[in-house]
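# sequence below, structure please.
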Amino acid sequence: MSNDFQFTIKSITFDEHYQPADSTRLTTNFANLARGQQRQENLRNALRMIDSRFNALANWDNPKGDRYSVSLEIISVDMNVAAGNGETFPAIEILKTNILDKKTNERIEGIVGNNFSSYVRDYDFSVLLLEHNKNQAQFTIPENFGDLHGKLFQHFVRSEVYKKHFAKLPVICLSVSDNKTYHRTENQHPVLGVEYLPNECSLTESYFKKMGMEVRYFMPANCVAPFAFYFYGDLLNDYTNLELISTISTMETFQKIYRPEIYNAHAAAGALYQPNLRNQDHSLTKIVYDREERSRLAVQQGRFAEEHFIKPYHTILEQWSANYAR
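Predicted coordinates:
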């Protein structure tokens, strides 16, 4: 069954000249920034914020705070269904960080993952889940919710194509959930910061668990809220400090733009923390981000996945998923 799906990886630089491809999910953080009249200014400011935060965290042997620069690649993963019509489907989009040490002129590989986009995930959350609960008195989760997506992602990470392109397993960094409470622990990492624990498991956690990933929550120094870090293996020991900093600086920048109520709040998370998306005590960045469009497009993209992937290959996908060995 392993040859039923073949993956192709394409890479494009995320810089001030970036233009989203037709197949890019337009709800993706970086794609949303690259649209409209202020697109170039948006991109320039976001990249400047990333570099500034990176140097603030990587402050050793860095007296002027300008030693490092982060470059980003958008990694697009297309999937070909062997028994299909030869067309590819835009399965996954992630970010890859690279670090330039301007003191040694060395280019250091960062982490792949960071931001995570998936049309099938849009289908699961914005089509399947909503339709399942349309006429229900109580919210429930469909049977086998996220199984197919989880197996497809694990299949990609285990593929020879992935191993050929990337030295380490992915780390995905998301915002915390506004319907959970997090409490601060005594555990502290020199880069990731203070660890928090949630009061319960969320649907997102369960979904990523089906992708084979664990989660831990950390609040880095001078940040005002924890982040959810999804990973394989050992987050604290499998990655270098600079690799982890590249993820923190990139995703904190995106979250300050996209979730300013949480990540650009004026008060930092305390010992007990519940994120609040209605928090008025926060600052906006100068970067324009269309959140309403983002929500609307998620449904459109879920429908796209349903029409071009879920329905045409339903039988193949069902058989493959039933026979897939984790």
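
# can you show me the helices along the protein?
29-33, 39-57, 119-123, 129-132, 147-158, 160-165, 203-209, 241-258, 260-263, 291-305, 314-323 (DSSP state H).

# tilt between the longest one and helix 241-258?
Just to be clear, that refers to helix 39-57. Angle of helix 39-57 versus helix 241-258, following axes from the mean of the first three to the mean of the last three C-alpha atoms, to 10 degrees, is 140 degrees.

# thinking again about what came up before, okay if I get the helices of the chain as CSV plus mean neighbour count, distance to residue 190 and mean pLDDT?
In this view, the C-beta of every residue, glycine as well, is placed from N, C-alpha and C. Formatted as CSV, the helices of the chain follow (neighbours: other C-beta atoms under 10 Å; distance: least, C-beta to C-beta, whole Å; pLDDT from 0 to 100):
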stretch, mean neighbour count, distance to residue 190, mean pLDDT
helix 29-33, 23, 27, 56
helix 39-57, 19, 10, 89
helix 119-123, 24, 33, 92
helix 129-132, 14, 39, 90
helix 147-158, 20, 27, 95
helix 160-165, 12, 29, 95
helix 203-209, 18, 25, 94
helix 241-258, 24, 7, 95
helix 260-263, 20, 21, 94
helix 291-305, 17, 34, 76
helix 314-323, 14, 41, 89
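
# can I get the ones you listed in TSV including distance to residue 65?
Output for those, formatted as TSV (distance: least, C-beta to C-beta, whole Å):
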stretch	distance to residue 65
helix 29-33	24
helix 39-57	4
helix 119-123	37
helix 129-132	45
helix 147-158	35
helix 160-165	32
helix 203-209	34
helix 241-258	13
helix 260-263	21
helix 291-305	31
helix 314-323	49
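
# tell me the contacts of the residue of the chain positioned farthest from its centre?
In the chain, the residue that sits farthest from the middle, by C-alpha atoms, centre = their mean, is residue 137; the gap is 32.2 Å. Under the criterion of C-beta atoms under 8 Å, 6 or more residues apart in numbering, residue 137 has no neighbours.

# and the gap between it and residue 297?
30 Å (C-beta to C-beta, to the nearest Å).

# okay, which residue is most central for the protein?
For the chain, the residue nearest the mean C-alpha position is residue 115 (2.5 Å; C-alpha atoms, centre = their mean).

# wait, what's in contact with the spatially closest residue to it that is not a sequence neighbour?
Using C-beta to C-beta, 6 or more residues apart in numbering and skipping the chain neighbours, the partner closest in space to residue 115 is residue 95 (4.6 Å). By C-beta under 8 Å, 6+ apart, the contact set of residue 95 is 14, 30, 72, 73, 74, 75, 112, 113, 114, 115, 250.

# could you do residue 57 as well?
The neighbours of residue 57, taking C-beta under 8 Å, 6+ apart as the test, are 191, 220, 221, 245, 248, 249.

# 10 Å instead, please
By C-beta atoms under 10 Å, 6 or more residues apart in numbering, the contact list for residue 57 reads 68, 190-191, 193, 220-223, 241-242, 244-246, 248-249, 252.

# and the gap between the closest residue to residue 54 other than its chain neighbours and residue 170?
Of all residues not flanking residue 54 in the chain, residue 249 sits nearest, at 4.0 Å (C-beta to C-beta, 6+ apart). As judged by C-beta to C-beta, residue 249 and residue 170 stand 17 Å apart.

# and for residue 235?
Using C-beta to C-beta, residue 235 is found at 11 Å from residue 170.

# neighbour count for the two, which is higher?
Neighbour count, other C-beta atoms under 10 Å: between residue 235 and residue 170, residue 170 has more, with 24 against 18.

# let me know whether the more buried one touches residue 232 as I believe.
Yes: counting by C-beta atoms under 10 Å, residue 170 sits close enough to residue 232 to count as a contact (7.4 Å).

# residues that sit against both of those two, list them.
Residues touching both residue 170 and residue 232 (C-beta under 10 Å, 6+ apart): 113, 157, 211, 213.

# drop anything exposed from those residues.
113, 157, 211, 213 (16 or more other C-beta atoms under 10 Å).

# quick one: residue 149 from residue 99, how far?
In this structure, residue 149 and residue 99 are 31 Å apart, going by C-beta to C-beta.
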